[in-house]
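Asks: structure here, sequence nowhere to be found:
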């Protein structure tokens, strides 16, 4: 398969997948190395494709439906699981995490967590890595962009965060 055909096939796989697809899985399906796929993704992005890298793999960015809301939160590293589960338990997706860095300005990490399974997998990767969460840079203060199916789901998620003492208000 030629490189151009492979990139087209990678794009088709990502477009068809409702979940992120890892570079390793794409490499296996295309019978190439993971590094070839990383290069292909870079070239597809340079050509204008809206591909995002998440902790679970690559996704095509799609327009979210429902309610999109940013929420300000504060918690220690120990509160991360409780926070994320409170959001996904109400049917909302944690799209990203955002912190304000004193030198670099806004730093955003894509997450796309929609279920407790997603949260568990994310936390496993966190514990297996020596990297620290972005919120460690700001004393635990951070924003999340939430994608909720409707206003009621968003309200419930906000209420759960408030009850846990995680939601920053006022």
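Replies: Sure thing, it's come through. All of these numbers come straight from a predicted model, not from anything done at the bench.

Asks: which SSE is the residue nearest to the spatial centre of the chain in?
Replies: Geometric centre of the chain, nearest residue: residue 111, 1.2 Å, by CA atoms, centre = their mean. Assigned by DSSP states H and E, residue 111 belongs to strand 105-113.

Asks: what average pLDDT does that strand get?
Replies: The average pLDDT for strand 105-113 rounds to 90.

Asks: what lies in contact with that strand?
Replies: Strand 105-113 has contacts (CB atoms under 8 Å, 6 or more residues apart in numbering) with 20, 52-56, 59, 84, 87-88, 93-101, 118-119, 122, 134, 137, 144. The way it works is simple: take the backbone N, C-alpha and C, and place the C-beta from them, glycine included.

Asks: residue contacts, residue 131?
Replies: So residue 131 contacts nothing (CB under 8 Å, 6+ apart).

Asks: returning to what we had before: ok, of the contacts of strand 105-113, which come out buried?
Replies: 20, 52-56, 59, 84, 87-88, 93-99, 118-119, 122, 134, 137, 144 (16 or more other CB atoms under 10 Å).

Asks: of these, which belong to helices?
Replies: Members of the buried ones among the contacts of strand 105-113 lying in helices (criterion: DSSP state H): 84, 87-88, 118-119, 122.

Asks: what's the farthest-apart pair in those?
Replies: 87 and 122 (12.2 Å; CB to CB).

Asks: phi and psi next, for the nearest residue to residue 79 once chain neighbours are set aside.
Replies: Nearest residue to residue 79, sequence neighbours excluded (CB to CB, 6 or more residues apart in numbering): residue 166, at 6.2 Å. Main-chain dihedrals, residue 166, degrees, to the nearest 10: phi -100, psi -30.

Asks: residue 146 and residue 28, how far apart?
Replies: Per CB to CB, to the nearest Å, residue 146 is found 33 Å from residue 28.

Asks: looking at the two, which is more packed in?
Replies: Between residue 146 and residue 28, residue 146 has the larger neighbour count (other CB atoms under 10 Å), namely 25 against 12.

Asks: which other helices and strands contact the helix or strand of the chain with the lowest mean pLDDT?
Replies: None of the helices or strands of the chain scores lower by mean pLDDT, DSSP states H and E than strand 51-54, at a mean of 85. Judged by 3 or more CB pairs under 8 Å, 6 or more residues apart in numbering; DSSP states H and E, the packing partners of strand 51-54 are helix 34-46, strand 57-60, strand 105-113.
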